[in-house]
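In: What shape does this take:
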Amino acid sequence: MKTPMLTILAAAVPVMLMAHGDVAPQAVDTTGLPAVGEEWLTENPYRAEAAGEDVWATAVEIGASGYNQNCARCHGLEVISGGLAPDLRYLEAEEYGDEWFIERFRHGYTQNGTTKMPAFGELLGQEAAWAIRTYVETRPDDDSMAEVSDELKGIRDQLVAGDGDVDALKVRLQEIADGIETVSGAPVADSAASRAAALLDGTGDGTRHAAEALTIGLSAAH
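Out: Residues are numbered from 1 along each chain as shown. I've put the predicted structure just below:
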């Protein structure tokens with residue numbers, strides 16, 4: 001049973017205030033995402049059920065880049081916190097979680113005149129904010145990944161060795177991906193399995209990149 005997010009955040013805030021430094025926000029290229037207007041929304045507009053799978057996939061890709069540039073330093077690679085900041089994977093993929101995220105993203109946090117978390121809103125803008133939110137909420141659940149890690153390693157090794165039917169491996173990777181849950185409760189996880197499946201296009205480069213995606217994803221999970 002998952003711990004309620006309010007409890008997690010309440011416990012994590014004192015640590016978060018120590019973890020965040022005066023990080024200069026890095027601009028995020030949001031080309032390919034539909035504009036959402038000037039007034040800040042309170043609910044993620046890029047979820048697949050609202051915007052379609054293509055927009056969702058673009059948001060995840062852009063959000064991954066934006067997160068790694070601006071957030072990973074404190075919140076961890078693949079949004080896996082090392083304990084120095086809140087684990088954002090537990091932020092529910094619903095309006096309550098969206099409101100908490102966007103408030104902190106826009107305004108940051110200061111204490112006694114010292115910036116503990118920079119305000120990202122004015123520089124990065126709303127499209128970047130929701131793309132990062134989309135990436136964060138699609139992080140896979142550790143237990144789900146642990147259940148399939150051995151099989152994913154086996155598939156990775158087959159791809160590296162050039163063994164097996166690539167088309168069959170692609171189908172199996174997608175089956176695995178469909179069964180992986182998110183921590184946030186979002187219906188679709190952006191996992192090493194789904195990334196690898198998408199990269200397998202019948203070319204040598206695609207096979208190599210898929211194997212790399214599995215290696216990186218499995219490493220991050222541990």
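In: Kindly tell me how buried the residue lying closest to P34 once chain neighbours are set aside is, as a neighbour count.
Out: Using CB to CB, 6 or more residues apart in numbering and skipping the chain neighbours, the partner closest in space to P34 is V55 (6.4 Å). In short, each C-beta sits where N, CA and C put it, glycine included. Using other CB atoms under 10 Å, V55 has 19 neighbouring residues.
In: Doesn't V55 belong to a helix?
Out: Yes. Residue state for V55 (DSSP: H, G, I helix; E, B strand; the rest coil) corresponds to a helix.
In: Could you double-check that it sits in contact with N44?
Out: No. Using CB atoms under 8 Å, V55 is not in contact with N44, being 11.2 Å away.
In: Which neighbours do the two have in common?
Out: When CB atoms under 8 Å, 6 or more residues apart in numbering defines a contact, no residue borders V55 and N44 alike.
In: Mind giving me the packing neighbours of the biggest helix by length in the chain?
Out: If you go by DSSP state H, the chain has its longest helix at helix 142-161. Identification of packing neighbours for helix 142-161 by 3 or more CB pairs under 8 Å, 6 or more residues apart in numbering; DSSP states H and E yields helix 166-178, helix 192-199, helix 204-220.
In: how far does the second one sit from the chain's center?
Out: Using CA atoms, centre = their mean, to the nearest Å, the mean C-alpha position of helix 192-199 is found 14 Å from that of the whole chain.
In: who's in contact with that helix?
Out: Helix 192-199 has contacts (CB under 8 Å, 6+ apart) with 140, 145, 148, 152, 155-156, 159, 170, 173-174, 176-177, 180, 206, 209-211, 213-214, 216-218, 221.
In: angle of it against helix 204-220?
Out: If you take axes from the mean of the first three to the mean of the last three CA atoms, to 10 degrees, helix 192-199 sits at 170 degrees to helix 204-220.
In: Quick check: can you list the domain ranges of the chain?
Out: Annotated domains of the chain cover 5-137, 142-220 [automatic domain parsing].
In: ends of the shortest one, how far apart?
Out: When the termini of domain 142-220 are compared using CA to CA, to the nearest Å, they are 10 Å apart.
In: Also stretch 35-42?
Out: Between the opening and closing residues of stretch 35-42 there is a gap of 15 Å (CA to CA).
In: list the buried ones in it?
Out: For stretch 35-42, the neighbour count (16 or more other CB atoms under 10 Å) marks V36 as buried.
In: OK, contacts around the residue nearest to D87 when sequence neighbours are not counted?
Out: Closest residue to D87 apart from its sequence neighbours, by CB to CB, 6+ apart: S81 at 3.9 Å. The contact partners of S81, by CB under 8 Å, 6+ apart, come to 75, 87-89.
In: Out of those, who's the most crowded?
Out: L88 (30 neighbours).
In: list the buried ones in the longest helix of the chain?
Out: If you call a residue buried by 16+ other CB under 10 Å, then helix 142-161 has these buried ones: 144-145, 148-149, 152, 155-156, 158-159.
In: Which of those sits closest to A27?
Out: A27 has its nearest neighbour among the buried residues of helix 142-161 in M145, at 31.6 Å by CB to CB.
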